[in-house]
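Colleague: no sequence on this one, just coordinates:
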Ligand SMILES: Nc1nc2c(c(=O)[nH]1)N[C@@H](CN(C=O)c1ccc(C(=O)N[C@@H](CCC(=O)O)C(=O)O)cc1)CN2
């Protein structure tokens, strides 16, 4: 067996076309394009590339770009002043702070300082709290992208056993909250570095979301034959980018969202969706 591909690149491209139409409508009705702001601190090449990709996507769908860059040794105060400026800027519909931040900065304090209504990443504590409460809020982009990718390929979630590996703030923790909503109705096991018997948990799962950042962690012998496998891990090595799913896993999986070309492009598309939805909410509020 060779896994069928959950093609995030093609799906994200289709979503961008849908969003471009919604942006054109917003421009026609409000006279203004939505604006996405990004705050990039330091010069990590990966973070710089992701931010660049976000602005290229914006240009494609007609969203305006507001780029803020700070040096690697920026102080907490400098970052918070940038946050205050974007909170106050009417041209900024929503924005993100590219993570991770350099060590000297308190990322939680930065996220808390954001206006929750402008939080395009769904990572402000108020928005994460709304997710827990089941109240409408912008959703974190990678978890939302995973759910959207599975939905567009008709992969059933109701009753599915999902094993998530990784407990980070952008993927592992929020995906459990999303998938266990009544509308998705999956059962989620969240594994992490303290989990005993990882292979047992993975083998129990119908759907595996690997977001540990540990190259080749999930091997074919760990998988239930036919499982749906999503590779969210990205490690930069001298040999290039390596995912958490070992290449051999494709021999056993039923469906595979590969890295690259699976969940990553969906993350970017969902950021645009969050911005367009914020702009639509603002337009309906006036
Ligand atoms: N504020 C945030 N920071 C981070 C997030 C996030 O959602 N919000 N997620 C990641 C980085 N990220 C977006 O910011 C991101 C990661 C990967 C991709 C992507 O398209 N990956 C490609 C492969 C990488 C490449 O080609 O260079 C793929 O999977 O095809 C997009 C966005 C951490 N920080």
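Modeller: Good, I have the coordinates. Please read all numbers here as calculations on a predicted model, not as lab measurements. Numbers count the residues shown, from 1 in each chain.
Colleague: Would you mind measuring the gap between the ends of stretch 167-182?
Modeller: This stretch, stretch 167-182, spans 22 Å end to end (CA to CA, to the nearest Å).
Colleague: what does it rub up against?
Modeller: 99, 121-123, 128, 131-132, 134, 139-144, 146-147, 157, 162, 164-166, 184, 186-188, 190, 192, 209, 211, 232 (CB atoms under 8 Å, 6 or more residues apart in numbering). Every C-beta, even on glycine, is put in place using the N, C-alpha and C of the backbone.
Colleague: ok, is that stretch in contact with the ligand or not?
Modeller: Yes - Stretch 167-182 comes into contact with the ligand (CB under 6 Å from any ligand atom), by way of residue 170.
Colleague: Give the buried residues for that stretch.
Modeller: 167-179 (16 or more other CB atoms under 10 Å).
Colleague: mind putting those in TSV, distance to residue 2 included?
Modeller: Compiled in TSV, these are given as follows (distance: CB to CB, whole Å):
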residue	distance to residue 2
167	31
168	30
169	34
170	30
171	26
172	28
173	32
174	31
175	26
176	29
177	33
178	29
179	26
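Colleague: Pull the number of nearby residues for the residue in the stretch 151-286 of the chain that the ligand sits nearest to.
Modeller: The stretch 151-286 of the chain approaches the ligand most closely through residue 264 (2.2 Å), counting by CB to the nearest ligand atom. When counting by other CB atoms under 10 Å, one arrives at 24 neighbours for residue 264.
Colleague: How about residue 49?
Modeller: Residues lying near residue 49 (other CB under 10 Å) number 11.
Colleague: Please apply the same query to residue 185.
Modeller: The burial count for residue 185: 13, using other CB under 10 Å.
Colleague: phi, psi of the residue of the stretch 151-286 of the chain closest to the ligand?
Modeller: phi -50, psi -50 (degrees, to the nearest 10).
Colleague: Name all residues that make contact with the residue lying closest to it once chain neighbours are set aside.
Modeller: In space, and not counting its chain neighbours, residue 264 is closest to residue 8: 6.6 Å by CB to CB, 6 or more residues apart in numbering. For residue 8, the contacting residues are 145, 149, 257, 261, 262, 263, 264, 265, 266, by CB under 8 Å, 6+ apart.
Colleague: Which ones among the contacts of stretch 167-182 lie within strands?
Modeller: 162, 164, 165, 187, 188, 190, 209 (DSSP state E).
Colleague: Pass me the low-pLDDT residue ranges in the stretch 51-200 of the chain, would you?
Modeller: Within the stretch 51-200 of the chain, not a single segment meets pLDDT under 70.
Colleague: Run through the residues of it sitting next to the ligand.
Modeller: 96, 97, 98, 99, 121, 141, 142, 170.
Colleague: Looking at the residues you listed, which is nearest residue 14?
Modeller: residue 141 (16.8 Å; CB to CB).
Colleague: And that closest one, how far from residue 276?
Modeller: Separation of residue 141 from residue 276 (CB to CB, to the nearest Å): 13 Å.
Colleague: Buried ones in stretch 57-77, by neighbour count?
Modeller: Those would be 57, 58, 61, 62, 63, 64, 65, 66, 68, 70, 74, for stretch 57-77 by 16+ other CB under 10 Å.
Colleague: and if you look at stretch 83-100?
Modeller: Within stretch 83-100, the residues scored as buried using 16+ other CB under 10 Å are 83, 86, 92, 93, 94, 95, 96, 97, 98, 99.
Colleague: repeat for stretch 99-110
Modeller: Buried residues in stretch 99-110, counted by 16+ other CB under 10 Å: 99, 101, 102, 105, 107, 110.
Colleague: which among those gets closest to residue 217?
Modeller: residue 99 (21.2 Å).
Colleague: Do a quick rundown of the helices in the stretch 51-200 of the chain.
Modeller: Taking DSSP state H, counting those that start in this stretch, the helices of the stretch 51-200 of the chain run over residues 76-88, 107-113, 125-133, 141-152, 172-179, 198-204.
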